[in-house]
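**Student:** What follows is a predicted protein model with its sequence.
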Amino acid sequence: MTKKLNALASGILPFHEPGLDKALQEVIAQGNIQFASQHDQRTTEADLHFICVGTPQRAGSEAADTTYVFSAAKELAKWISKDAVVAGKSTVPVGTALALQQQMSKVAGFEVNLAWNPEFLREGTALEDSLNPDRIVIGTWNEHSAQVLRDVYKSITDTGTPFLELDVPTAELVKVSANAFLATKISFINAMAEIAEVSGADAVALAKAIGYDERIGNKFLRTGIGFGGGCLPKDIRGFMARAEELGVGSAVEFLKDVDAINLRRRDRVVELAKAELGDIANKKVTMLGISFKPDSDDLRDSPALEISQRLVALGARVVVHDPVALDALKTRDASLETEADVFEALRDADLVILGTEWRDYKELDPKQVADVVKVKTVIDGRNVLDVAKWQAAGFKVLALGRNIVNG
Ligand SMILES: NC(=O)c1ccc[n+]([C@@H]2O[C@H](COP(=O)([O-])OP(=O)(O)OC[C@H]3O[C@@H](n4cnc5c(N)ncnc54)[C@H](O)[C@@H]3O)[C@@H](O)[C@H]2O)c1
């Protein structure tokens, strides 16, 4: 077994996800989980298989790389039994399931029961989202597949969770279109932030005001350095690439703007930092938070990481603090210094940037921060700091989408 699987088998998670290590240890103790790197008789005996492998952005292209899904499915097809159901959970371009079903059936020598069952969990609350989802979506080609999935989710649907039985292409599309909508919502408010910045308005107050309209809602309407992670950015790009292949690229062409607005927020922070630091060479910048979101150590397409790397490229010395992601960072980018003690990270800083809205940073006492930094300037990349409190401690506070008057 690989190192990762050995660690999992002894109850150690290779990533940070609140509560999941405890849940893993419980199922290990109950004898309800096993790990393997090769298929064997146990695969043949199983009634249901989930395919959850990655679908990252393809190198040198905007499209999703589905090779991992096809390779996992092909291996699985050599071992599965005729009645078994295979449920795809990975986020895939619409039409992938049909191609997979055909490939698997060819390898297996019988019609494989493939279904699509998109995953909606959010990193940071993954366990809770899995046990209490907003909805469960399945797309199937036959009643047998639908029944097996109804049975497996029965304890959840019995509590009233909506269970949507759809056709397969719709099930595949639900996930990418939901992510496209969420990305659009964030970029919408960040587009308003660009307007606010040049018109004296305040995008945080604006978001609050428009969010009261139930048709709009206040969730995912927070202005800041935008979205990142292993899903939204690659999913909107993959969606555009797939629509183009299907001859309807113009239908989702607006996602190009959604992507561009999102990336421009990172430029904005770099510009603010440059303006504050002047001669940037060897200036110390403390980045508070490096993961793409709180309660996760995932660094994939993290806005805070990209901003840090760009500041280093400009000659700054960036010292990163993060409650859980420093080990992940060390293996990914050695050009960034790490410091596990937040006040040591802040010591003698010429500029502080809040990159991830960890609760730890919202709760920092600005007076204590003021005692250790060299220059009392903070860029709040997530609009979570209490501006008046930080200003009272002597800080100049800069934030995205706002025109904060500093004394
Ligand atoms: N991360 C999320 O929050 C989230 C939420 C919903 C949906 N998704 C989707 O779920 C899928 C997985 O996402 P992730 O974030 O877990 O990706 P990931 O890259 O973190 O994990 C994928 C795992 O698949 C393994 N893998 C690759 N090929 C394999 C194979 N042939 N056999 C066995 N294992 C293999 C890799 O080793 C890796 O551990 C993606 O399609 C993603 O879009 C992710």
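**Tutor:** Noted; the coordinates are in hand. Numbers count the residues shown, from 1 in each chain.

**Student:** so who does the residue positioned nearest the centre of the chain touch?
**Tutor:** In the chain, the residue lying closest to the centroid (CA atoms, centre = their mean) is Gly229, at 3.5 Å. Contacts for Gly229 (CB atoms under 8 Å, 6 or more residues apart in numbering) come out as 123, 292-293, 296, 298, 300-302. Where you see a C-beta, it was placed from the backbone N, CA and C, and this is true even at glycine.

**Student:** same question, Ile186
**Tutor:** 220-222, 226-227, 232, 262.

**Student:** out of these, who's nearest the ligand?
**Tutor:** Leu232 (9.6 Å; CB to the nearest ligand atom).

**Student:** That closest one contacts Asn179, doesn't it?
**Tutor:** Yes - using CB atoms under 8 Å, Leu232 makes contact with Asn179 at a distance of 5.5 Å.

**Student:** can you list the domain ranges for this protein.
**Tutor:** 38-166, 183-258, 265-399 (automatic domain parsing).

**Student:** any idea of the pLDDT on Pro334?
**Tutor:** Check again: residue 334 is Ala, not Pro. According to the prediction, Ala334 has pLDDT 86.

**Student:** Could you list every helix and strand in contact with the helix or strand in which Gln147 is found?
**Tutor:** Element membership for Gln147, per DSSP states H and E: helix 143-152. Under the contact definition 3 or more CB pairs under 8 Å, 6 or more residues apart in numbering; DSSP states H and E, helix 143-152 sits against strand 48-51, strand 85-88, strand 113-116, strand 136-140.

**Student:** hmm, 6 Å instead?
**Tutor:** If you count contacts as 3 or more CB pairs under 6 Å, 6 or more residues apart in numbering; DSSP states H and E, helix 143-152 packs onto strand 113-116.

**Student:** immediately after the strand it packs on, which helix or strand?
**Tutor:** helix 126-131.

**Student:** thinking again about what came up before, and of the contacts of Ile186, the nearest to Gly355?
**Tutor:** Gly226 (11.3 Å; CB to CB).

**Student:** what number of residues lie near the closest one?
**Tutor:** Gly226 is flanked by 29 other residues according to other CB atoms under 10 Å.

**Student:** Show the model's pLDDT score for it.
**Tutor:** 98.

**Student:** just to revisit the earlier point, ok, and the most crowded of the contacts of Ile186?
**Tutor:** Counting by other CB under 10 Å, top hit in those: Gly226 with 29 neighbours.

**Student:** ok, now which ones touch that residue?
**Tutor:** Residues near Gly226 by CB atoms under 6 Å, 6 or more residues apart in numbering: 190, 262, 265, 303.

**Student:** Next, it: secondary structure please.
**Tutor:** coil (DSSP: H, G, I helix; E, B strand; the rest coil).

**Student:** ok, so what distance separates it from Tyr153?
**Tutor:** Separation of Gly226 from Tyr153 (CB to CB, to the nearest Å): 34 Å.

**Student:** who's Thr286 bridged to?
**Tutor:** Beta bridges link Thr286 to Val319, Val352, judged by DSSP bridges.

**Student:** Not counting residues beside it along the chain, what's closest to the residue of the stretch 101-250 of the chain found nearest the ligand?
**Tutor:** Of all residues in the stretch 101-250 of the chain, the one sitting closest to the ligand is Glu119 (4.0 Å; CB to the nearest ligand atom). Of all residues not flanking Glu119 in the chain, Lys89 sits nearest, at 4.5 Å (CB to CB, 6 or more residues apart in numbering).
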